[in-house]
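**Q** Please find the sequence and the predicted model below.
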Amino acid sequence: MGRKQSWDQAEVLASAMRLFRRRGYLGASVRDLEEATGLHPGSLYRAFKNKDELFSAALDVYNDKVVQARVQTHLRESDDAVAGIRSFFTSAFENGIDPDPGCLLTNTAVESFSVPQALPGVQRGLDLIEAGFTEALTRAGRAEAEVLAVQLLALYQGLLVLVRAGAPATKLHTITESAIASIDTDRKRKR
């Protein structure tokens, strides 16, 4: 009879998710994962079979905990849909003292040539964001909300790459305000 599991899977996945956000799939070694999670290789492999499965599980947690929460807070619950879109964008780079490790979806998409097994998880997360944009734009009275949501998703992903590259906040605010101006201008014109 095997030994009882003495660790919490949710904590292990949260630790792995944080490591993958900071270092990416390629940059996180099994040794790094051991240190981050506190598990020995045998426990990691018994629980997740390999690094790929651990990464996919961590990506699922990211979608369920981080992406869903951000979409809910900024795009679904905001009283003013346009202000919610603005805060969704700015929350990606106005993060206070601690440096942001970046978006696991964006970081993984950039690395996707080496992590093709993660593409379904990346697509799921991007779909969540796009659906949130569509819902917010519909509430804002925008025609062709689905088309504009795809454009906002592309702009947002580009903004996240710039955040990861260390672009200054002034540039990121300019990008955000340009997007918001196009939403507001068109909405006001149609009234």
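**A** Nice, thanks for sending it over. All of these numbers come straight from a predicted model, not from anything done at the bench.
**Q** From now on I want contacts and neighbour counts done on CA atoms only, so please keep to that.
**A** Fine.
**Q** just to confirm, which helix or strand has the closest residue to residue 122 other than its chain neighbours in it?
**A** Leaving aside its chain neighbours, residue 122 sits nearest to residue 105 (5.3 Å; criterion: CA to CA, 6 or more residues apart in numbering). In this structure, residue 105 sits in helix 104-110 according to DSSP states H and E.
**Q** following that helix, which helix or strand shows up next?
**A** On the C-terminal side of helix 104-110, the closest following helix or strand by DSSP H and E is helix 119-139.
**Q** tell me the angle the following helix or strand past that next one makes with helix 119-139.
**A** Using DSSP H and E, the next helix or strand after helix 119-139 towards the C-terminus is helix 145-164. With axes from the mean of the first three to the mean of the last three CA atoms, to 10 degrees applied, the angle from helix 145-164 to helix 119-139 works out at 120 degrees.
**Q** Next, the buried residues of helix 145-164.
**A** Buried positions in helix 145-164, judged by neighbour count with 16 or more other CA atoms under 10 Å: 145-146, 148-150, 152-153, 155-157, 159-164.
**Q** now the helix holding residue 105, how far from the centre of its chain.
**A** Distance, stretch centre to chain centre, for helix 104-110: 8 Å (CA atoms, centre = their mean, to the nearest Å).
**Q** repeat for stretch 12-27
**A** Centroid separation for stretch 12-27 versus its chain: 13 Å, with CA atoms, centre = their mean.
**Q** ditto for stretch 132-144
**A** On the basis of CA atoms, centre = their mean, stretch 132-144 sits 20 Å off its chain's mean C-alpha point.
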